[in-house]
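Q: Attaching a predicted model along with its sequence, questions to come.
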Amino acid sequence: MVTLKRGKGVLLAELHSAAAATAEECIILTTSGSHRPVAVLDGRLMLASRAVWILANGDPGEAHVLHTCHRGKEGCINVRHLYLGDNAQNIRDMVEAGRSTRGERDGNSKLKAEQVQEIRRLLAEGVPYKAIGERFGVSQSTVYQINSRKIWAWLPPDPA
């Protein structure tokens, strides 16, 4: 792995350049981490895309800075690819772009989507929570939460 170090002021110059972008290409900051790039602007740590928005348009307050392009962890900072939205829009964008860690993409999840659908089928057949939990290695509480759609609610019914 190569870690790139920026000289003092270089990151701020890159952010100003992205804030004044006129080209349509994505602008990607190289980082050594696994998350979207961050910057310190006016003494506040924030995502680099938010810093670019502030430089170009002023502080958006509580609004989220969203992306028209979805470059995963890289996070494009071209101001022409940024727009404002609320938390619900931000979450919807995250899910549509495949960056959500819900369901089986969550590192702590014990179940796969197909197993949740099987659990729902067993529940519909009247199989007790305890028996289902033992079969899938989860608690009765987890089975209850699947049944009441407190978890995995986004998963559509099995098409079969």
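A: Now that the structure is in, tell me what you want to look at.
Q: care to break the protein down by domain?
A: As recorded under automatic domain parsing, the domains making up the chain are 10-100, 104-147.
Q: closest one to Pro156 among the ones you listed?
A: Relative to Pro156, the nearest member of those by CB to CB is domain 104-147, separated by 9.0 Å. For every residue, glycine as well, the C-beta is placed using N, CA and C.
Q: so how far is the closest one from its chain's centroid?
A: How far domain 104-147 lies from its chain's middle: 25 Å, per CA atoms, centre = their mean, to the nearest Å.
Q: quick one: average pLDDT of it?
A: Here domain 104-147 scores 91 as its mean pLDDT.
Q: go on, stretch 62-80?
A: Averaged across stretch 62-80, the pLDDT comes to 85.
Q: what does that stretch rub up against?
A: 15, 18-29, 34-37, 47-50, 52-53, 56-57, 81-87, 89-90, 93, 96-99 (CB atoms under 8 Å, 6 or more residues apart in numbering).
Q: Adding distance to Pro157 and mean neighbour count, write the domains of the chain out as TSV.
A: Supplementary listing: these in TSV, determined by distance: least, CB to CB, whole Å; neighbours: other CB atoms under 10 Å:
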stretch	distance to Pro157	mean neighbour count
domain 10-100	18	16
domain 104-147	7	15
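Q: Let me know which of those domains is the nearest to Trp154.
A: Comparing the domains of the chain against Trp154 with CB to CB, the closest turns out to be domain 10-100 (7.8 Å).
Q: which residues in the protein form strands?
A: Taking DSSP state E as the criterion, the chain contains strands spanning 38-41, 44-47, 64-67, 82-85.
Q: how about the helices of the protein, start to end?
A: 10-19, 48-57, 87-96, 113-124, 129-136, 140-147 (DSSP state H).
Q: so which of these comes closest to Leu41?
A: Smallest distance to Leu41 across those (CB to CB): 4.3 Å, for helix 48-57.
Q: which helices and strands does that closest one pack with?
A: With contacts taken as 3 or more CB pairs under 8 Å, 6 or more residues apart in numbering; DSSP states H and E, helix 48-57 sits against helix 10-19, strand 38-41, strand 64-67, strand 82-85.
Q: Columns distance to Arg149 on top of those, output as CSV?
A: CSV is the format used below for the helices and strands packed on helix 48-57 (distance: least, CB to CB, whole Å):
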stretch, distance to Arg149
helix 10-19, 41
strand 38-41, 35
strand 64-67, 26
strand 82-85, 26
